[in-house]
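[1] A predicted structure for the sequence below; I have some questions about it.
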Amino acid sequence: MAILLISCSSNEAPTFSFSEAPDTVQEPAQRFGLIWNTFEVDSGTVRSGQSLSHLLSPAGLSQAAIGKIAETSKQDYDVRSMKSGNAWWLAFWQDSARTPAYFIYQRNAIDYAKFPLEAPYGVQLEKLPTDTVIERAKGVIEQALYVDLERVGAPSSLALAMASVYAWTVDFSRLQEGDEFDVLYERTLVAGEPKGMPRVIACHFQHRGKELPAYRYNQGEGMDYFDDEGQSLRKAFLKAPVEFSRISSRYNLKRFHPVLNRTKAHLGTDYAAPTGTPIVAVGDGVVTKSAYTSGNGKYVKIRHNNTYETQYLHMSRRAVSVGERVRQGQVIGYVGATGLATGPHVCFRFWKNGQQVDHLREEFPPSTPIKAEAMADFEQTVVQMRQVIDSLSLAR
């Protein structure tokens, strides 16, 4: 498969140029900015409750030296923020005393902190060398998006990236067999291995016979996604409060209640999902209720503005409190089956001007479109992206 290799960050507009993928990735002579084979190295992962002292004392450093290292590094990196599960390395000089030389802590997939273990102490915050590859995936929905992405040779995690792009326009619990996708995306490689989530550059998605193009572009307000006419894909509310769920019951004024065994209006939409699935706020707002009732179970209600409110019922656990301001996409609780529920799901309710309505029938205005002064550059970028999509071969 042909790929593109670039070296810009995800916040920059990529400059496209072809490169063949290397057959093999050679182990670098240097690691963490050090000639690695000149050291003897111990390594491990930070265990729960471990501190810098736990890691360095066995190497022969005194408590005074460890305290000095922590103190001189604090302004740039507080060693108390080390997380369990992250990797560390202890590099020793190859001398008779096996003198400790450096302690390296992996902060995340790319960033690391390097501590010299000899005076003068301090810390160097650095990044591993990375490459960015651009790939294309094209296919038809046959089972589920993540399954069909794997089938065409793309990472299944690309489904989450696509769901994020289309969160305002496509309810991914309602994808149909026959829906089509053609997506240009990028991945970061560290030492030839993919790290982190793939990022969508452009996507042509066909859902229920409707073409839904998306192009990534920064018009000076940060990266956003726009259709081919320059309208933003971001809207006032997300389509659903949980990802990759299914609708188990829709808004229905004459629904037969499975617990009460009688007809009772169902003024919300039920999204079935496993217990513990994160529930997110569909828009910015303020939490007005975070409580429990025998019918609703554990629930949260959010006022978004003078017109709209939303409510999320039957949680296993709530993650926000009354009066808290939340942002769109923020986790506010987790799927459960508390209250009158036959299984784990979230009952999502939507108010407009004080009346509960079917949110799936509502139309919301788009966010900021491409500005007039940026339109020519955006159109040129779209042309370039289409050329790249057409030029990249596909995995089979």
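    Yep, that arrived.
[2] G333 contacts K298, correct?
    Yes - counting by Cβ atoms under 8 Å, G333 sits close enough to K298 to count as a contact (7.1 Å). (Each C-beta comes from the backbone N, C-alpha and C, glycine too.)
[3] Which one of these two is surrounded by more residues?
    With neighbours defined as other Cβ atoms under 10 Å, G333 and K298 compare such that G333 has more, 25 against 20.
[4] For that one, what are phi and psi?
    When quoted as degrees, to the nearest 10, the phi and psi of G333 stand at phi 170, psi -170.
[5] Any idea how many residues pack against the closest residue to it other than its chain neighbours?
    Closest residue to G333 in three dimensions, ignoring its sequence neighbours and counting by Cβ to Cβ, 6 or more residues apart in numbering: M315, at 4.0 Å. Using other Cβ under 10 Å, M315 is surrounded by 27 other residues.
[6] Following the chain onward from the host helix or strand of M315, which element is next?
    Applying DSSP states H and E as the criterion places M315 in strand 308-318. Where DSSP H and E defines the elements, the next helix or strand beyond strand 308-318 is strand 325-326.
[7] Which other helices and strands does that following strand contact?
    Secondary-structure packing of strand 325-326 (3 or more Cβ pairs under 8 Å, 6 or more residues apart in numbering; DSSP states H and E): strand 285-293.
[8] again, only using 6 Å
    The criterion is 3 or more Cβ pairs under 6 Å, 6 or more residues apart in numbering; DSSP states H and E, and there are no helices or strands that strand 325-326 contacts.
[9] Who does it pair with, and is each partner parallel or antiparallel?
    Listed by DSSP bridges, the sheet partners of strand 325-326 and their directions read strand 285-293 (antiparallel).
[10] Would you indicate which residues of the strand it pairs with are buried?
    By neighbour count with 16 or more other Cβ atoms under 10 Å, strand 285-293 contains the buried residues 285, 287, 290.
[11] moving C-terminal of it, what's the next helix or strand?
    On the C-terminal side of strand 285-293, the closest following helix or strand by DSSP H and E is strand 297-303.
[12] Would you mind getting the angle between that following strand and strand 308-318?
    150 degrees (axes from the mean of the first three to the mean of the last three Cα atoms, to 10 degrees).
[13] So what's the gap between the lengthiest helix in the chain and the chain middle?
    Looking across the chain with DSSP state H, the single longest helix is helix 375-391. Chain-centre distance of helix 375-391: 25 Å, with Cα atoms, centre = their mean, to the nearest Å.
[14] Point out the other helices and strands that it packs with.
    Contacts defined by 3+ Cβ pairs under 6 Å, 6+ apart place helix 375-391 against strand 210-218.
[15] Using CSV, write down the CA coordinates of the strand it packs on.
    The C-alpha trace of strand 210-218 is given here as CSV (Å, rounded to 0.1, in the frame of the first residue of the first chain):
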residue,chain,number,x,y,z
LYS,A,210,-26.8,11.3,1.6
GLU,A,211,-23.3,12.5,0.8
LEU,A,212,-21.5,13.9,3.9
PRO,A,213,-18.0,15.3,3.0
ALA,A,214,-15.7,16.5,5.8
TYR,A,215,-12.4,18.4,5.4
ARG,A,216,-10.1,19.4,8.2
TYR,A,217,-9.1,23.1,8.1
ASN,A,218,-7.8,25.8,10.4
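[16] List the contacts of the next helix or strand after that strand.
    Counting by DSSP H and E, the element after strand 210-218 in chain order, helix or strand, is strand 223-226. Residues outside strand 223-226 that contact it (Cβ atoms under 6 Å, 6 or more residues apart in numbering) are 165, 214-217, 232-233, 370.
[17] what lines up beside the longest strand along the chain in the sheet?
    As far as residue count goes, and with DSSP state E defining each element, the longest strand of the chain is strand 193-207. Sheet pairing of strand 193-207 (DSSP bridges) gives strand 180-190 (antiparallel), strand 210-218 (antiparallel).
[18] Break the chain down into its domains, please.
    Listed domain ranges for the chain are 1-13+130-235+368-396, 33-127, 246-361 (source: automatic domain parsing).
[19] Could you export those domains to a markdown table, including columns for mean pLDDT?
    What follows is the domains of the chain, written out as a markdown table (pLDDT from 0 to 100):
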| stretch | mean pLDDT |
| --- | --- |
| domain 1-13+130-235+368-396 | 87 |
| domain 33-127 | 94 |
| domain 246-361 | 87 |
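[20] still on that earlier bit, which of the contacts of strand 223-226 sits closest to F115?
    Among the contacts of strand 223-226, R216 lies closest to F115 (Cβ to Cβ), at 37.5 Å.
[21] Quick one: residues contacting the residue nearest to that closest one when sequence neighbours are not counted.
    Leaving out its chain neighbours, the residue that sits closest to R216 by Cβ to Cβ, 6+ apart is I201, at 5.3 Å. Listed by Cβ under 6 Å, 6+ apart, the contact partners of I201 are 184, 186, 216.
[22] Distance check, I201 against A374.
    18 Å (Cβ to Cβ, to the nearest Å).
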